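Peer 1: predicted model follows, preceded by the sequence.
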Amino acid sequence: MEGGVLYEIEGKAVETRWVTTSKTQVPGRLKYGRRKVPISSAMASATSRNPGGHTNISVAGSSSTAGKKRHAGESVPIIQSVRKKRPGIIDRNIPSGIEGIVPESRLYADLQHFERLLDATIIRKRLENHEAMSTKPMKTKRILRVFISNSAANQHVPDTNEPDLDYQTGNIPSWTLRIEGRLLDPPYAAPKGRSSSRKFSFFLKSVLVELDRDPELFPEGNTMEWTRTSNTQECDGFEIKRKGDQNVKARIFLTLDNRPEKYKLSPAFANLLDIQEETRSGIIRALWQYVKYHKLQDSENQRIINCDAPLQAANKISFPELPELLNPLVDPVDPIQIDYTIRVDKTFHASKYAYDIEVEVDDVMRQRMAIANANTAQNKEVQALDEKIVQCIQSINNSKIKRDFLLQFTQSPVDFIQKWVASQSRDLEVILGESRFNLEEQRQADFYKQPWASGATFQYIAAKARFRLDITQRRMQELLRSGAANNPIV
């Protein structure tokens, strides 16, 4: 299917055509939404070049930091994002009685109330963001634009004054095929943020290039493949350098690295669920919707599914058996095929089309939410401000204590000094561990005029009387015993 659409490249409006990238139509191939976009020679000349090496596939545009993987969209545990424990509420409260001295101190209490509401709102929003990030796959669709070009070197042009080929000096005709790509920024992105953090190879699982050449003339092989490994460094493109002085047709197969992995459904199964490519969880979810819509669940055992005619399975299947039964109905997704002719009659040749592939990346909002939940720098700043507030409150409390001390001293210096000395004596006895009466208070006459003094005096006199009575009774008993011993009864 073809159609017209206007693109603006380097300030020039050009019309593009929407066509498929391969002549053979594969079911589900059109879901990628690939299209060809004309590019100018200036954009094509900006592609990176790597003249070195005769390896099968070499990396172009990679840097020392290309291998570092950044997962900004990963979700962070909410317990680490909640603000650290603040000092106690009592430490941050203004002492009582300050409002009468400084009426403006009521504004601080209002700010504390507003802060509590704000903290509750922030924690609630962070919990909501964490729940949304952990339960919903926040993905957004972006466009990966692929550029195909080639350069030729040491090509012999007939009917010219150029010297003949000299194989001893290394003046051998050769060409270099370049496969490059970049992730387009969304149209709503800010101008400062129009730099992609994902390189071209990040979205690919493998790259296969097949050359249409005579294998007897070129024994080095006509098939080159790059496959992702665990320690693969991300790059902006691939280069293939080969010897040759003739135009060569090339077929390029790009296999996308979907995260999570996607599968292609069989034709009958795809018509049943009305989906062409989907992840395993998505396929099971669509099948579950089909079962619920047609009411195929068993009334007695909800884990049993009564298959209808379109399912073409046994009479009854168990729901846990679905993942195993799906294996023969799904296949890996077909690679994207791009046909290109390598031309050697020009020093540099680029395809007049750029190939757009629809890919899924982490949503920008997910990254922002993860950064907001893990913003430790802001939490440290808030904690530092809280510590300053506590220090100010302690300073205000100390100042109020000093003010009350001096105010009482000015009202009645003698009474205040006496009370203060007595208080200090009690504190000293508490420190030393003594529990008897305060010696400083016993020196005052008022100490014996208290209500308990009369009762204590009566108890003291009664105790003295009982003590003397006991002594008298013991002496009389001793005298009686001694008299009986001296005058025994006959």
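Peer 2: Perfect, thanks for sending it. Numbers count the residues shown, from 1 in each chain.

Peer 1: and stretch 333-349, how far out from the chain's middle?
Peer 2: In terms of Cα atoms, centre = their mean, to the nearest Å, the centre of stretch 333-349 is found 40 Å from the chain centre.

Peer 1: endpoints of that stretch, how far apart?
Peer 2: Start and end residues of stretch 333-349 are separated by 31 Å (Cα to Cα, to the nearest Å).

Peer 1: just the mean pLDDT for that stretch, thanks.
Peer 2: Stretch 333-349 carries an average pLDDT of 93.

Peer 1: mind listing what's buried in it?
Peer 2: 333, 334, 335, 336, 337, 338, 340, 342, 343, 344, 348, 349 (16 or more other Cβ atoms under 10 Å). Using the backbone N, CA and C atoms, a C-beta is placed for each residue, glycine as well.

Peer 1: from those, pick the one nearest residue 371.
Peer 2: residue 333 (32.2 Å; Cβ to Cβ).

Peer 1: in the helix or strand containing residue 148, what's buried?
Peer 2: Assigned by DSSP states H and E, residue 148 belongs to strand 139-153. Neighbour counts over strand 139-153 (16+ other Cβ under 10 Å) mark 142, 143, 144, 145, 146, 147, 148, 149, 150, 151, 152 as buried.

Peer 1: pLDDT averaged over that strand - what is it?
Peer 2: 91.

Peer 1: which neighbouring elements make contact with that strand?
Peer 2: helix 41-45, strand 174-183, strand 336-342, strand 348-350, strand 354-362 (3 or more Cβ pairs under 8 Å, 6 or more residues apart in numbering; DSSP states H and E).

Peer 1: mind putting the ones you listed in TSV, distance to residue 442 included?
Peer 2: Converted to TSV, the helices and strands packed on strand 139-153 look like this (distance: least, Cβ to Cβ, whole Å):
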stretch	distance to residue 442
helix 41-45	102
strand 174-183	90
strand 336-342	102
strand 348-350	108
strand 354-362	81
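
Peer 1: mean pLDDT lowest for which of those?
Peer 2: When I compare the helices and strands packed on strand 139-153, helix 41-45 is least confident, with a mean of 34.

Peer 1: in the stretch 101-250 of the chain, which spans are strands?
Peer 2: Assigned strands in the stretch 101-250 of the chain, in chain order: 139-153, 174-183, 204-211, 223-227, 237-243, 248-256 (criterion: DSSP state E, counting those that start in this stretch).

Peer 1: where does the stretch 201-350 of the chain dip in pLDDT?
Peer 2: Across the stretch 201-350 of the chain, the ranges flagged by pLDDT under 70 are 312-314.

Peer 1: go again using 90 as the cut-off
Peer 2: Residue ranges of the stretch 201-350 of the chain with pLDDT under 90: 214-221, 230-232, 243-246, 258-261, 268-269, 272, 281, 291, 294-329, 346.

Peer 1: looking at residue 134 now. What's its pLDDT?
Peer 2: If you check residue 134, the pLDDT there is 68.

Peer 1: residue 394: how many residues sit nearby?
Peer 2: 13 (other Cβ atoms under 10 Å).

Peer 1: what is the host helix or strand of it packed up against?
Peer 2: For residue 394, the enclosing helix or strand under DSSP H and E is helix 376-411. With contacts taken as 3+ Cβ pairs under 8 Å, 6+ apart, helix 376-411 sits against helix 98-101, helix 413-432.

Peer 1: any chance of the ones you listed in a markdown table, with mean pLDDT and distance to residue 448 too?
Peer 2: Converted to a markdown table, the helices and strands packed on helix 376-411 look like this (pLDDT from 0 to 100; distance: least, Cβ to Cβ, whole Å):
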| stretch | mean pLDDT | distance to residue 448 |
| --- | --- | --- |
| helix 98-101 | 82 | 39 |
| helix 413-432 | 82 | 15 |
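
Peer 1: now those helices in CSV, with mean neighbour count?
Peer 2: Converted to CSV, the helices and strands packed on helix 376-411 look like this (neighbours: other Cβ atoms under 10 Å):
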stretch, mean neighbour count
helix 98-101, 12
helix 413-432, 12
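
Peer 1: with respect to residue 388, which of those lies nearest?
Peer 2: Closest among those, using Cβ to Cβ: helix 98-101, at 18.3 Å.

Peer 1: what sits closest to residue 389 if chain neighbours are left out?
Peer 2: Closest residue in space to residue 389, ignoring its immediate chain neighbours: residue 92 at 5.8 Å, by Cβ to Cβ, 6 or more residues apart in numbering.

Peer 1: which ones are touching that neighbour?
Peer 2: Applying Cβ atoms under 8 Å, 6 or more residues apart in numbering to residue 92 gives the contacts 86, 112, 386, 389, 390, 393.

Peer 1: before we move on, the earlier item: tell me the angle of the strand holding residue 148 relative to strand 336-342?
Peer 2: 20 degrees (axes from the mean of the first three to the mean of the last three Cα atoms, to 10 degrees).

Peer 1: strand 139-153: how far from the chain's middle?
Peer 2: 29 Å.

Peer 1: same question for stretch 104-113.
Peer 2: 36 Å.

Peer 1: hmm, back to that, output the helices and strands packed on helix 376-411 as a markdown table; include the columns distance to residue 200.
Peer 2: Shown next, in a markdown table, are the helices and strands packed on helix 376-411 (distance: least, Cβ to Cβ, whole Å):
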| stretch | distance to residue 200 |
| --- | --- |
| helix 98-101 | 65 |
| helix 413-432 | 76 |
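
Peer 1: need the strands of the stretch 101-250 of the chain in TSV with distance to residue 269, can you?
Peer 2: Rendered in TSV, the data for these read as follows (distance: least, Cβ to Cβ, whole Å):
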stretch	distance to residue 269
strand 139-153	24
strand 174-183	32
strand 204-211	23
strand 223-227	29
strand 237-243	35
strand 248-256	21
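
Peer 1: just name the closest of the buried residues of stretch 333-349 to residue 409, please.
Peer 2: Distance to residue 409 across the buried residues of stretch 333-349 (Cβ to Cβ) is lowest for residue 333, with 88.5 Å.

Peer 1: distance of the closest one from residue 172?
Peer 2: To residue 172, residue 333 is 40 Å away according to Cβ to Cβ, to the nearest Å.

Peer 1: sketch out the helices for the stretch 151-300 of the chain, chain order is fine.
Peer 2: Applying DSSP state H, counting those that start in this stretch to the stretch 151-300 of the chain gives helices spanning 267-273, 280-293.

Peer 1: now render these as CSV, adding distance to residue 402.
Peer 2: Listed next are these as CSV, based on distance: least, Cβ to Cβ, whole Å:
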stretch, distance to residue 402
helix 267-273, 80
helix 280-293, 69
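
Peer 1: could the ones you listed go into JSON lines alongside distance to residue 411 and mean neighbour count?
Peer 2: JSON lines is the format used below for the helices of the stretch 151-300 of the chain (distance: least, Cβ to Cβ, whole Å; neighbours: other Cβ atoms under 10 Å):
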{"stretch": "helix 267-273", "distance to residue 411": "90", "mean neighbour count": "15"}
{"stretch": "helix 280-293", "distance to residue 411": "80", "mean neighbour count": "15"}
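
Peer 1: fine, thanks again, bye for now.
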